[in-house]
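Engineer: prediction below, plus the sequence it came from.
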Amino acid sequence: MSNSSILVAGAGAIGSILGGMLHDAGHDVTLLGRRAHLEAIARGGLRISGLLGDRTVAGMTLADDPARLGRRFGLIVCAVKSYDTESIAARLADRLTDDGAVVSMQNGLGNIESLIESFGRRRVLGARVIFGAEIPSPGSAHVTVFAEPVAIGPAPAIHREDSPALAARARAIAAMIDTAGVPAVGVDDIMPVLWTKVLYNVALNPLGAILQQHYGALAGDPDVRPIMDRAIDEAFAVARALGIELPFSSAAEYRKVFYEQMIPPTFSHRPTMLHDLHVRGRTEIGALNGKIVELADRLGVDAETNRMLTRLIRAAERARQRTTNTEGER
């Protein structure tokens with residue numbers, strides 16, 4: 001992987017950090033993202049700050065439209081919002097080399113499957129990213145929290161006989177990212193890792209967005225905590241019904257780890273869903289609680305708490321969009 005050209009598709013906070021750190025380590029990186037952010041990077045470099053150290057990275061290739069990418073890449077890091085996965089994959093399908101790999105570094109479920117539709121099963125890997133970052137201003141990216149290393153791997157239930165080869169490739173990519181200064185590991189099966197994060201997200205993201213509270217405040221509220229517990233229990237039941245080999249014997253065991261080990265390092269963090277709701281008027285609820293509901297309905301499992309949270313966020317999205325439209329008419 002050391003000589004591969006790398007495309008980061010979705011140069012938001014996470015994508016910018018990954019791309020900037022890889023380029024600073026000597027890799028050939030192209031960022032695909034929003035124009036204002038890229039223009040600021042072109043003028044003064046990408047300013048990275050926070051828990052992974054402070055640096056300014058210059059010299060990356062920048063593009064705000066996939067049509068302007070003039071070459072193919074050995075590695076594509078897909079870091080767009082989950083609702084944009086299908087469209088960006090279709091536009092980038094011919095930008096990946098025949099022996100290249102695309103890694104989904106996104107929230108929620110369903111992204112691996114969407115990428116496979118465009119890139120084929122043998123070139124797609126999943127990843128769990130559980131560090132938080134923000135863009136304080138165009139041209140900068142700040143790491144706010146880092147809970148665990150980035151995990152990269154195949155999904156054997158999907159990749160089947162290709163899994164061993166893909167696991168080896170995942171380890172090589174993880175080693176490259178780790179050497180660049182972003183802790184990362186390769187795993188043989190990404191699905192239990194992804195689901196562990198989904199359990200975390202379905203409890204915290206919608207409630208944090210609706211109540212505008214950080215994770216510690218949510219966990220400490222006696223009225224909110226039972227809702228979080230129920231959302232986790234439902235998602236855990238769906239994972240079990242799908243045969244996901246979670247590293248927990250029960251939902252109760254997971255919740256103990258969730259409150260005692262996972263919340264404390266991210267105590268003051270607020271979900272990206274809160275930012276997305278108020279800035280974009282659109283969130284990734286469909287790939288999180290919405291996906292739990294979709295799977296539960298298919299499997300005949302109860303998911304009423306996740307259904308309620310999904311409906312509340314979708315209503316909040318519509319309310320925000322109406323407010324934005326009204327402000328635009330003034």
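Structural biologist: The structure has been received and is ready for your questions.

Engineer: grab the nearest non-local neighbour of the residue positioned nearest the centre of the chain.
Structural biologist: Nearest to the geometric centre of the chain sits Q106, at 2.4 Å (CA atoms, centre = their mean). Leaving aside its chain neighbours, Q106 sits nearest to S82 (5.4 Å; criterion: CB to CB, 6 or more residues apart in numbering). C-betas here are computed from N, CA, C, even on glycine.

Engineer: contacting residues around that neighbour?
Structural biologist: The neighbourhood of S82, defined by CB atoms under 8 Å, 6 or more residues apart in numbering, consists of Q106, N107, G108, G110, N111, E284, G286, A287.

Engineer: same deal with A167?
Structural biologist: Here A167 is in contact with G153, P154, G186, V187, D188 (CB under 8 Å, 6+ apart).

Engineer: please apply the same query to A11.
Structural biologist: Contact partners of A11, counting by CB under 8 Å, 6+ apart, are G19, L31, L32, G33, R34, H37, L38, A79.

Engineer: and the fifth one, its phi and psi?
Structural biologist: Put plainly, it is R34. phi -80, psi 150 (degrees, to the nearest 10).

Engineer: for the record, mean pLDDT for the longest helix seen in the chain?
Structural biologist: Taking DSSP state H as the criterion, the chain has its longest helix at helix 304-329. Per-residue pLDDT over helix 304-329 has a mean of 90.

Engineer: quick check: buried residues in it?
Structural biologist: For helix 304-329, the neighbour count (16 or more other CB atoms under 10 Å) marks T305, N306, R307, M308, L309, T310, L312, I313, R314, A316, E317, R320 as buried.

Engineer: where in this protein is pLDDT low?
Structural biologist: Where the chain drops to pLDDT under 70, the residues are 1-3, 327-330.

Engineer: domains for it, by residue range?
Structural biologist: 5-188, 192-329 (automatic domain parsing).

Engineer: on that earlier part again, which members of the contacts of A11 are classed as buried?
Structural biologist: G19, L31, L32, G33, H37, L38, A79.

Engineer: looking at the contacts of A167, which is nearest M262?
Structural biologist: Top of the list for closeness to M262, among the contacts of A167 and by CB to CB, is V187 at 18.0 Å.

Engineer: quick one: contacts for that closest one?
Structural biologist: The contact partners of V187, by CB under 8 Å, 6+ apart, come to A151, I152, G153, A167, A170, V193.

Engineer: what's the fifth one in contact with, if anything?
Structural biologist: Remark: with contacts taken as CB under 8 Å, 6+ apart, A170 is in contact with L125, I152, G153, P154, G186, V187, I190.

Engineer: tell me the backbone dihedrals of it, please.
Structural biologist: The phi/psi pair for A170 (degrees, to the nearest 10) reads phi -60, psi -40.

Engineer: also the second one?
Structural biologist: Dihedral angles of I152 (phi, psi; degrees, to the nearest 10) stand at phi -130, psi 140.

Engineer: V124 is in contact with that one, correct?
Structural biologist: No: assessed by CB atoms under 8 Å, I152 is found out of contact with V124, at 11.4 Å.

Engineer: joint contacts of these two?
Structural biologist: V103.

Engineer: and A151, what element?
Structural biologist: Using DSSP states H and E, A151 maps to strand 150-153.

Engineer: just the buried positions in the next helix or strand after that strand, please.
Structural biologist: Counting by DSSP H and E, the element after strand 150-153 in chain order, helix or strand, is helix 156-159. Buried residues in helix 156-159, defined by neighbour count with 16+ other CB under 10 Å: P156, I158, H159.

Engineer: what does stretch 48-67 give?
Structural biologist: Under 16+ other CB under 10 Å, the buried positions of stretch 48-67 are I48, S49, G50, L52, V57, M60, T61, L62, A63, D64, P66.

Engineer: gap between the first one and L7?
Structural biologist: Distance, I48 to L7, using CB to CB, to the nearest Å: 19 Å.

Engineer: next one: the last one
Structural biologist: Noted for P66: a distance of 9 Å to L7, by CB to CB.

Engineer: next: the fifth one.
Structural biologist: Distance check for V57 against L7: by CB to CB, it reads 16 Å.

Engineer: same thing with the third one?
Structural biologist: Spatial separation of G50 from L7 under the definition CB to CB is 24 Å.

Engineer: strands of the stretch 151-300 of the chain, start to end?
Structural biologist: Taking DSSP state E, counting those that start in this stretch as the test, the strands found in the stretch 151-300 of the chain are 184-186.
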